[in-house]
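Asker: Task: produce atomic coordinates for the following.
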Amino acid sequence: MDIKKIVNSLVKKHKTRNPFEIIKGLNVILVPVPLEGVRGFYQYFQRNNIIYIDDSLPEHEQILVCAHELGHMLLHKKANALFMDTYTGFNTTKYEKEADLFAMELLVPDETFLEYQEYTTGQIALALGYTEKLIKLRLNQK
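Answerer: Residues are numbered from 1 along each chain as shown. Have a look, this model is predicted:
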């Protein structure tokens, strides 16, 4: 699965990297709701794609969570990771890592890293407002 290719196709089609605009264009139902223990999750229910996001998160985090859940929708549509993680003990780490990579590919284009090529991953993370773990994940996939 080529995540970069999927993201580039999505950006080209929707002419934006804003995950909220993309899900609107894909007719995804967005449910901003107070959540406990998770920042968001994706659900496929009765042929509807639904993304739930904790509405108490700051806007920057809501954008990241939306991009992450969009990744689950496009990469893992049939996998109910929340159910698997909660009830089966199935290791969902691979799904989460792929959704994180999808989010970072969407939110941080290659051109941005060209601007920061003289900086450490920690400095880039601080400048962009993401964790260093997410920046490293994105850089290792270039």
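Asker: Which helix or strand lies directly C-terminal to the least confident helix or strand in the chain by mean pLDDT?
Answerer: When each helix and strand of the chain is scored by mean pLDDT, DSSP states H and E, helix 81-83 comes last, with a mean of 51. Later in the chain than helix 81-83, the nearest helix or strand by DSSP states H and E is helix 93-107.
Asker: in which helix or strand would I find the residue of the chain positioned farthest from its centre?
Answerer: Ranked by distance from the centre of the chain (Cα atoms, centre = their mean), the top residue is Glu118, with 26.1 Å. Using DSSP H and E, Glu118 sits in no helix or strand.
Asker: can you pull the contacts of it?
Answerer: Not one residue lies near Glu118 by Cβ atoms under 8 Å, 6 or more residues apart in numbering. Where C-beta positions appear, they are placed from N, C-alpha and C, glycine not excepted.
Asker: Would you mind measuring from it to Glu105?
Answerer: Here Glu118 is placed at a distance of 22 Å from Glu105 (Cβ to Cβ, to the nearest Å).
Asker: so where is this protein shaky, pLDDT-wise?
Answerer: In the predicted model of the chain, residues 78-92, 141-142 satisfy pLDDT under 70.
Asker: ok, 90 please
Answerer: Where the chain drops to pLDDT under 90, the residues are 1, 43-46, 76-95, 140-142.
Asker: Spell out, range by range, the helices that occur in it.
Answerer: With helices called from DSSP state H, the chain shows them at 3-14, 19-25, 59-75, 81-83, 93-107, 110-115, 121-128, 132-140.
Asker: can you list these in TSV and add distance to Gln43 and mean neighbour count?
Answerer: Listed next are the helices of the chain as TSV, based on distance: least, Cβ to Cβ, whole Å; neighbours: other Cβ atoms under 10 Å:
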stretch	distance to Gln43	mean neighbour count
helix 3-14	20	15
helix 19-25	13	18
helix 59-75	9	21
helix 81-83	8	16
helix 93-107	14	20
helix 110-115	31	11
helix 121-128	29	15
helix 132-140	24	16
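Asker: Much appreciated, bye for now.
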